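1. kindly return the folded structure for what I paste below:
(4 chains)
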Number of protein chains: 4
Amino acid sequence: MHELGLYDGAASASELKIGYVGGGSQGWAHTLINDLGQCSDLSGEVALYDVDYEAAERNAEFGNRVMERTDAVGDWRFEAYREMDAALSDSDFVVCSVQDPPEETFKHDLDVPQEYGIYQTVGDTVGPGGTIRALRAIPQYREIAATVREECPDAWVINYTNPMTVCTRALYAEFPDINAIGLCHEVHPFQELFAEIAERYVETAEDVDREEIDVTVKGINHFTWIDAADWAGHDLYDYLDEELERRKPLPGYEPGDMAGESYWSNHFQIAFDLYDRFGVLGAAGDRHLAEFVPWYLSIDAPEEIQRWGIRLTPSSARVGGESPDKMMTTRVDEFEFTESGEEAIEIMRALLGIEPFKTHLNYPNEGQISDLPEDVVVETNALLTGKGVTPLCAGGLPDEIHSMVKRHVTNQETLIEAGFEGDLDRAFRAFLNDPLVTLKREHAAELFARLVEIEREYFTDYDLRNATVVE
Amino acid sequence: MHELGLYDGAASASELKIGYVGGGSQGWAHTLINDLGQCSDLSGEVALYDVDYEAAERNAEFGNRVMERTDAVGDWRFEAYREMDAALSDSDFVVCSVQDPPEETFKHDLDVPQEYGIYQTVGDTVGPGGTIRALRAIPQYREIAATVREECPDAWVINYTNPMTVCTRALYAEFPDINAIGLCHEVHPFQELFAEIAERYVETAEDVDREEIDVTVKGINHFTWIDAADWAGHDLYDYLDEELERRKPLPGYEPGDMAGESYWSNHFQIAFDLYDRFGVLGAAGDRHLAEFVPWYLSIDAPEEIQRWGIRLTPSSARVGGESPDKMMTTRVDEFEFTESGEEAIEIMRALLGIEPFKTHLNYPNEGQISDLPEDVVVETNALLTGKGVTPLCAGGLPDEIHSMVKRHVTNQETLIEAGFEGDLDRAFRAFLNDPLVTLKREHAAELFARLVEIEREYFTDYDLRNATVVE
Amino acid sequence: MHELGLYDGAASASELKIGYVGGGSQGWAHTLINDLGQCSDLSGEVALYDVDYEAAERNAEFGNRVMERTDAVGDWRFEAYREMDAALSDSDFVVCSVQDPPEETFKHDLDVPQEYGIYQTVGDTVGPGGTIRALRAIPQYREIAATVREECPDAWVINYTNPMTVCTRALYAEFPDINAIGLCHEVHPFQELFAEIAERYVETAEDVDREEIDVTVKGINHFTWIDAADWAGHDLYDYLDEELERRKPLPGYEPGDMAGESYWSNHFQIAFDLYDRFGVLGAAGDRHLAEFVPWYLSIDAPEEIQRWGIRLTPSSARVGGESPDKMMTTRVDEFEFTESGEEAIEIMRALLGIEPFKTHLNYPNEGQISDLPEDVVVETNALLTGKGVTPLCAGGLPDEIHSMVKRHVTNQETLIEAGFEGDLDRAFRAFLNDPLVTLKREHAAELFARLVEIEREYFTDYDLRNATVVE
Amino acid sequence: MHELGLYDGAASASELKIGYVGGGSQGWAHTLINDLGQCSDLSGEVALYDVDYEAAERNAEFGNRVMERTDAVGDWRFEAYREMDAALSDSDFVVCSVQDPPEETFKHDLDVPQEYGIYQTVGDTVGPGGTIRALRAIPQYREIAATVREECPDAWVINYTNPMTVCTRALYAEFPDINAIGLCHEVHPFQELFAEIAERYVETAEDVDREEIDVTVKGINHFTWIDAADWAGHDLYDYLDEELERRKPLPGYEPGDMAGESYWSNHFQIAFDLYDRFGVLGAAGDRHLAEFVPWYLSIDAPEEIQRWGIRLTPSSARVGGESPDKMMTTRVDEFEFTESGEEAIEIMRALLGIEPFKTHLNYPNEGQISDLPEDVVVETNALLTGKGVTPLCAGGLPDEIHSMVKRHVTNQETLIEAGFEGDLDRAFRAFLNDPLVTLKREHAAELFARLVEIEREYFTDYDLRNATVVE
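-> Predicted coordinates:
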C-alpha cells in the first residue's frame, strides 16, 4: 500500500468490541457474522442489543456456533445484552440496523397514502412514508447517540438504517463529536453498469470488475448522482450519450411488464432519463430515484410505474418479511460462508489503521459538496484511514439538480428540528413540502394526522397535545 | 489495491511522450532520468526543450546513455528540441522546471532588498524576491499553457518551478481546461518528524516509516499547515504539546550557531513556534515559513535569523549553483541509480490508471479548503487515479491563519492580474501589501523600480512606459 | 429631506430625454403622460418607439395635446420614432413596456397548456405560459440593452414588462454596466392590507395611509414575501396570527363564487395560506403566487381555483384587451389628470438627485438577499438617490421558502442561458423543472414543441433546426 | 417625508425613558442634555447611572437646571441612580458612554508600549492599547447587555464607547436579541471633504452642505472606507484622481510641523495615501487609519508621524482630560444651546416611528458587507425607521482591503471569545496578530503581561492564574 503514500501500520487488532444495535431481523447481523468469520486479523466481542432480546440471543448463539466452524478463521465471541448502554460500553465500533415492526408502521406508511392517490415505490426515505419513518427514527437515534456519548464516545458508528440521511444526521445533532458514517449499496450497481459500458465501448476492456471503476459520487442518500466515471484512464462518461441512445426509448416498458419480476428489479431507466434531462446520471436504484421528484410517481394505479421497469413494493411484501437484504438462513448447519459484498470489515480495518479504504458513504458536509450547507449529511466518496474519514471533493451540483436536492436537504433539516423539539406542526411543513405530496393542504393534513394517529405509540416523544395538525 | 475499492486496470503504458520544459540546469532532469530508468511499466520518448538548447542536448545524451546501462529497466529515448511546440506536440505529460539565470535575476532579488533592510531566507516565493520572480514567471507560464492548449490539450502538466502557486495559477488562468498540478517536497520532512514523534510517544511504534504517516495538509505552497496526523490509528497530534515543551525554548539558537551548517538546514523551530502561537503546525521548511509573516525576519543583520536554526541563503550560493536539488553528476560513468524520493513516476502511473496514488499537491480550489475562494491554487492532499486529480477535503483554516494565508492569496491573485495585463502599478500593490515590505511607501516604490530596472530584459511583457511606479 | 441625512441638491432638471420602448397598447404610455403633465420640476422630450409606428404616433399626439391643457404644469414634447436607436439616442431615462400581440402569443400560452390539464391564473411569469413568454422576450431585451449600450450607456432603464425578472436579467446579461430596474405594483396592496391591520389592532391607529406602512420585501418578482411590517413603531407582524384566525377557513370560497368578479380580484387567501404554511406572508397577488407552487393549481377545471377567491384570466380577456392596467382613454377631451399611483416620476427625480426615494424594485442581487446568488435579479426595498440604487438588506429566506424560490431562480437563469445561446433543448430543461409542469416527460415535450411551433415567427433567434425537443 | 414612501406616523412621543450608562466625565452627557433641551416632540426621564454616583448626580442637576431655562423647549427630568438595573428598568433607549479612569488605564496603554518602540496615535481601538482596552471593556459590556435583557429587553441601545466594534459586538454576544447600534463621527468630515470637492470641481456647486453629500460607507469602525460619493447626481469619485494629484506629495509634512496643532488635527493625508495605494478612500481620521496597518507607525520617535499631518495624542493629554469630545462647561449659567452635530435625537425619533433617518452606524453584518462573515459588527449606512435598523447594501471589499480588514475582524472576534471565556492566552493571540505588534514574541508577551499586571484590578473577570502568558 505504500504506493498510495499511506501507512500500513497496525498489522492486526485484537480485543475489539463491536456493539450492535438492532439486527433482530437477522439480515444484517448474519451478514456481519459471515464477514467476521472470514476475517483473520480482527478479533474480539460482538455485543448484541435489540429491543427484542430473544432475537439478539438467537443471533448471539448463531454467531458463536458459526465461529466454531472449522472454516471460520475469525475469532469472535457473541453476547446478547438486555440494555443498550451495557452493549455499547467501551465499544470500538457500533453498528446500527434497526427497524420498527413493519406491520405496525411500514404497512401504514405505504397503504394510507395510497388512499389519497400517493404511491411510493419504496417509502423509506422521502414522501409520506419516508417522512413518517424519519419522525419515528429521530428519537431512537438520539438515544443511540446519547448512549455512545456516555459509553464509547470515541467509537466509530456505522449506520445501515433508513432514512439514512436523517438517522445519520440525528446522531450528529445529538452528539456533535460522534464519529459516524452511513453506508448504503445503491451505488455499487452503477460501478457494474460502467464496467459493462467499458466492455462495450473501450476496445481493450474485457472482464472489467466493478472495483476497477472509479466514479465520482455526489448527492444525498438515494438521490445520488455520478458525474464522472473512469476505467483505467478511459473516460467512460464520454460513452454515455451513445449508451443513452441505445437504451431509448425511455421509458421502455409497459404497465404489466414487471408482473413477475422481483420488487427489487432495476433497469436504470430513471437513472438514464435523469441523465437525458439534466446531463448527469442518477445513481441509486430507480425505485429510490423515482420518489425524489414528482413526475415519475404521478400515477393513477400501481401498474403504471412499471413503464420504468420497476414495481411498487407493496406493504404485504414488507410485512411478510420479503427483503432484498442479505442472507436469511438461521440454521447453522446450512450456513456457508459467502462473499457478502458488504464493506463493514474493510471499513473497520481502515479506521483501525490496518489498510486504507476508499468508498462512498454518508457524512456531514465539510466541503465535499461545495454548494450544500456545512454539516448536512451528504453522500460522496471518502478515504478511510487510521486518521478517520476524509471526504473527497465532489464539487458542486448543477443548478437544476441543486434545486431538487436542496429541497430535500431542507426537508431533512426541518424534520431533525421537528424531531428534536417534538414539534409535529414543524414536521408537517416538511411533509407538505415533499414533492410527492401534491394534495390539497387539508387533505395533506388529514393524511399526516391519520398516519400519526395509527402509529401513535411510536410518537411518544412528540407533543401531540399542542400540535395543530393532529388535533 | 482492490482493498481501496480502486481499479488496477491498465498494467502498463508504452509509447508515452513526456515533454520537458526547462531542466537545463540538470538537477530535475537527471532525477527524472534516474526514475524513468528504474520504471519497468512505462516507456516512450522524453522530448527536452530548454532556452539553452545545448543544455537540453546534454541532458538528452545523458539520458540515452543511462538507458543503455544494463541495470536500466526502463525503455526511453531522449531527444532535444529547439522549439517548445515541437517538444510538447502530442505529449501525454509535460514536466516544467525552469529558472532564469540566477546571476541576472535571483542575485538581485536577494541583494537589492537587503540594501533596504529586507532580508529573505529564500526569496523565491513571497517578499520582494518572490514577487519579482512571480512577475518574471507569469509570461513564461502563459506561453507554456498556450503551447499545451495548441499541442497537447489533454496532457497532464507537472510543475516544479517556484513561485509554485503563481506558476500553477498562471497555467490555469491562461488555459482553464489545462490539467496541471504543482509538486513540492516541503511536507515530506514533516512525515519524518511525525514518524519520530510516533516512535517517541507511542509504545508500540518502532522503525516507523515516513510513508506510514497520514497527515492532513492544507494551505498554500510553502505556507502549508498540518492540523492532524496519524500513525496506524494513533492520533499523533495528541503528543504535540508534549513535544513542544521538549523543544522549548523557542527560538533555541543564537546568532552564529548556524555558521557551519548547510543553507538548507531545518530544525522545525518556526514550525513549532507557529504551533505555539496558533495551535496548528506550520508545514514547510522554516526558511519558507519565516517569509510569510513579518516577525521572524524583522532583523538587522543576516546572523540574527540563526536564532531560529536557519540561515539566509546568500545570493552567492544561488549564482554559484549550490542547490539542494537532486543529483548533479553529469558523468554517466559515475552515475548510479538511486532512490530519488520524487513522486513523478508514481503520479504518472496513477494518472494513466495503473495504480492510484495519494500525495499532497498544488491544485485549484474546488472546496478542499472550504473557506478560500474557488479556483485559487491551494496545497492539500489529493487522490490521483485514471480519472484525474481528486482533492481530499481539508476543511477551513482557523481564523488567524486564514487571515494570514488570505493576504498572500490576495497578493498572488493580484500578481496574476498584473502579469496578464502587463500592469506594474497593479503589481506594486501586491508588493506593498507583502508582510516583509514594511518600508515607507516611497522607499518601497524605489526598491520595486530598481529591481524592475536591473532585470529589465525580463520584463518585456510589461508596460513599463505607462507604469507610474517605475516611471 | 435633510433629516434623512440626504442631500436636496438639484432643484429641477430640464432638457431631459426619456426614450420609451413599447407602449403602443397605450396603458402605460398614457399613465406616464398623465404623470409628466403634473410634474413641474422636470421637462424635456419623450421619444416614443413602438414596433407599431402608428401607435407611437397616436401616443405622441395625445401627449402633446395633453401638455397643451391649461392644467398641465409639465413641459414636455412627444415625438414618435421609426427606429429604436434614434429614440434612445442620448436618453437620460429609458422606459420599457412591450408586449407581443396577445392573439398570436398570449392566447396560445394559456390555451394550449389547458389541453394538457395545466391551468394558469396569469401565465406571464412562470409555468408554461411564462416560460414561453420569457423565451420570446429575451432576444427583444437583448436588443434593447444593446441599443442602450450604443446610444445612452449611462441612462437609467425602467422596465415594466413581464416576465419582469427575466427581462431585467436579460438587460444586465447583455450589457453588464447597464443601469436598470424593474418596477411592479404587486406589493402596494399589502401596504394597504397592513394599514387595515394597523387600524384594526393598534388602538391609536386611524386613517392609516399605505405610505405610512414600512414593510420588508424580499424574493423574486411575483413570488415576493414580507417578513416584517411596521406602522409608526408598532410591529404589525405581531397581529398576523390573530388576523389569520379571523380569515380562516382558508380557502374560504367555493367554485363558482367568483363568477361575476373581476379577473383581477384578490382576497389575500393564498398570501395568508402561505403565511399559515411557512410563517411568512406571500406578497404578490394570489393570482401570481398560485403559479409558483404546484398545489393551488393542481385543479381539474378552471372553476376550482375560485376556492381561493381568484379566477383564471382566460385568453379571451387577454385578446380582447381587457387589462387592469391604467387609463385607457385616448380622447384628449375626455382626459382628466389623476393620481396614477405610479412611481416613475419619483424614481426619476430621485436618480436625478432632486429627492431621495425608497421603494421596492427588481435589481441584481449584491447581498440584499444574502442567501441567493450574486447577480440574479431579486425584488427588495431599495433607496434611490443621485448616487443610484442602493438595495436595503433583506437578509436570507427561510429554508423552505428558499428552496421554492431557488428553484425558480435556477429556471430563470437557465432560460437566460438558453435565450442567449438560442438553445431550445436547454430551455426545455427549465420548462420541465417548472412546478406547474407535472406532465409525463413526453407530454411535456409535446406541449413545449407545440407552443414553439404555433409561435414560430417569434422564435427566429432560436436554433430550431438542432433542437431535439422541437425536432 | 411621504416622498420617500415612508410613514410619518407618530407625531411625538412622551413619557419616554432614557437610561444612561456612564457619562460621568460629562462630555457626552452634556451633549445629550443640550440636544434634548432643543427637541420639542420627545419628553420623559433620563436615568443617569455612573460608577461614580456623584458624577451622575452632577449631571442630573445640570440637566434639570438646563430644562428650566426659558429657551429650553424639551421637557425632561434627570435623575441619578446608584444601581444600573434601576436606571435601565423599562427604558426605551439606553445610551452608553463609559470610560475607565485614564490615569489608571489609558495612560499605561499608551506609555508602556512606547518602551517597546510601539507608538499609537490614538490607542483606543487596535494595537496594544486598543487590545487591552477591549479586554477591559468586554466584561463591562456583558454586564450592560445582561441588565438590558432583564430590565428593558426591547430598548434600543446606543453605544458611543470605544473600542466601538468590540463593545457593540459584546452586547450582541451576551444578548443576541438586543437592539443595539454603535455611533461614531469619523465619517462626517468626509462628507465635508466631498462637499469641498463638489464646490471645487462641479461647476454648478456652491455652498454645498455636508448633508447633501451621499457616500457609500463600508468597513469596520475607524477602518472605514468610502467607495462612492455623490452630490445631486454628480459622481464625486470621478474627481478623486485629480484631487489626489493636487494634494501630492504625500506625506506632505515634516516632523515638527504639527508641533503647535491640536492632537485632533486631520489633513486627510493617510486617507488619500490609502486611495493612492488601493483605489478606495480611507474614511476615518488619519489618526485612526494609521493604526490599522503597519507602515505608517513604524517610526522611531513620536515626531516622525507628523509627516502625515497628525500627532500622537500623548497620555498626558488623556489624563489631563483634554478631549475633542463635546462641550465641557458645567456651569449652567454659562450654558448656551448649540448645534451639537450629534444624531442621537434624530435616531431616537426615527426608531420611534416619527421620521425616518439615514446615517452610518455599527451593526451586525446581515449582508451589508457581502464578503465579511455574518454577525460581525461592521460600519455601513443604514436606514432607521419604526421597524428598526435596515442596513444598506455596501457590497464587498476589494481583495487587498478585505485582507486587511479581515485580519482585524478576526482579532476582534478572538478578543470577544477571550473576554467571554476569561482566557488571556487566547487574547494574546489577537495581541500578537495585531499589525502594530511587530515585536519578537517574547517581547510581545512581556509587554502584554506588563499591561495586564499594571491594570490588574480591571482584569478580575480573567483567569490570570492559568494564563501562560501572564504567568
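2. what residue in the stretch 201-350 of chain A comes nearest to chain B?
-> Across the stretch 201-350 of chain A, the shortest distance to chain B (C-beta to the nearest C-beta) belongs to A:Ala232, at 2.6 Å. Using the backbone N, CA and C atoms, a C-beta is placed for each residue, glycine as well.
3. that residue touches A:Asp214, doesn't it?
-> No: counting by C-beta atoms under 8 Å, A:Ala232 does not reach A:Asp214; the two are 9.1 Å apart.
4. quick one: which of those two has more around it?
-> With neighbours defined as other C-beta atoms under 10 Å in any protein chain shown, A:Ala232 and A:Asp214 compare such that A:Asp214 has more, 28 against 24.
5. pLDDT of the strand or helix carrying that one, averaged?
-> Using DSSP states H and E, A:Asp214 sits in strand A:213-220. Averaging pLDDT along strand A:213-220 gives 96.
6. near chain C at all, that strand?
-> No: with C-beta under 8 Å from any C-beta of the partner chain as the criterion, chain C is not reached by strand A:213-220; the gap is at least 13.2 Å.
7. from the contact counts, what lies against that strand?
-> Identification of packing neighbours for strand A:213-220 by 3 or more C-beta pairs under 8 Å, 6 or more residues apart in numbering or on different chains; DSSP states H and E yields helix A:188-201, strand A:223-231, strand A:377-385, helix A:399-421.
8. who's A:Gly182 bridged to?
-> A:Asn159, A:Asn362 (DSSP bridges).
9. what about it, neighbour count?
-> Around A:Gly182 there are 25 other residues, counting by other C-beta under 10 Å.
10. kindly report the same for A:His108.
-> Neighbourhood size, A:His108 [other C-beta under 10 Å]: 20.
11. likewise A:Asn162?
-> Neighbours around A:Asn162, by other C-beta under 10 Å: 23.
12. wasn't it part of a helix?
-> No: if the criterion is DSSP: H, G, I helix; E, B strand; the rest coil, then A:Asn162 is coil and not within a helix.
13. what strand or helix carries the most far-flung residue of chain A relative to its centre?
-> If you look at how far each residue of chain A sits from its centre, by C-alpha atoms, centre = their mean, the farthest one is A:Glu203, at 35.4 Å. A:Glu203 is part of no helix or strand when elements are defined by DSSP H and E.
14. so what's the backbone phi/psi at it?
-> phi -60, psi -40 (degrees, to the nearest 10).
15. what's the answer for A:Asp209, then?
-> phi -90, psi 150.
16. measure the residue nearest to it when sequence neighbours are not counted to A:Leu48 for me?
-> Counting by C-beta to C-beta, 6 or more residues apart in numbering or on different chains, A:Asp209 lies nearest to A:Ala195, which is 6.5 Å off, once chain neighbours are set aside. According to C-beta to C-beta, to the nearest Å, A:Ala195 and A:Leu48 sit 36 Å apart.
17. the two: which is more packed in?
-> Ranked by neighbour count (other C-beta under 10 Å), A:Ala195 and A:Leu48 place A:Leu48 first, with 28 against 22.
18. quick check: the more buried one touching A:Glu61?
-> No: taking contacts as C-beta under 8 Å, A:Leu48 lies outside contact range of A:Glu61: 10.1 Å.
19. which neighbours do those two have in common?
-> A:Phe78 (C-beta atoms under 8 Å, 6 or more residues apart in numbering or on different chains).
20. OK, contacts around the residue positioned nearest the centre of chain A?
-> With distances taken as C-alpha atoms, centre = their mean, the residue of chain A nearest its centroid is A:Cys184 (4.0 Å). If you count contacts by C-beta under 8 Å, 6+ apart, A:Cys184 has them with A:160, A:164, A:221-222, A:362, A:379.
21. what does A:Ala13 give?
-> Counted by C-beta under 8 Å, 6+ apart, A:Ala13 has contacts A:41-44, A:349, A:352, A:354.
22. what comes into contact with stretch A:44-51?
-> With contact meaning C-beta under 8 Å, 6+ apart, stretch A:44-51 is reached by A:13-24, A:29, A:32-33, A:36, A:56-57, A:59-60, A:63, A:76-84, A:86-88, A:91-92, A:98.
23. keep only those of the contacts of A:Ala13 that are in helices.
-> Secondary structure from DSSP state H places A:Arg349 of those in helices.
24. so what's the residue count around the residue lying closest to A:Ala134 once chain neighbours are set aside?
-> Leaving aside its sequence neighbours, A:Ala134 sits nearest to A:Val166 (C-beta to C-beta, 6+ apart; 4.2 Å). Neighbour count of A:Val166, defined by other C-beta under 10 Å: 30.
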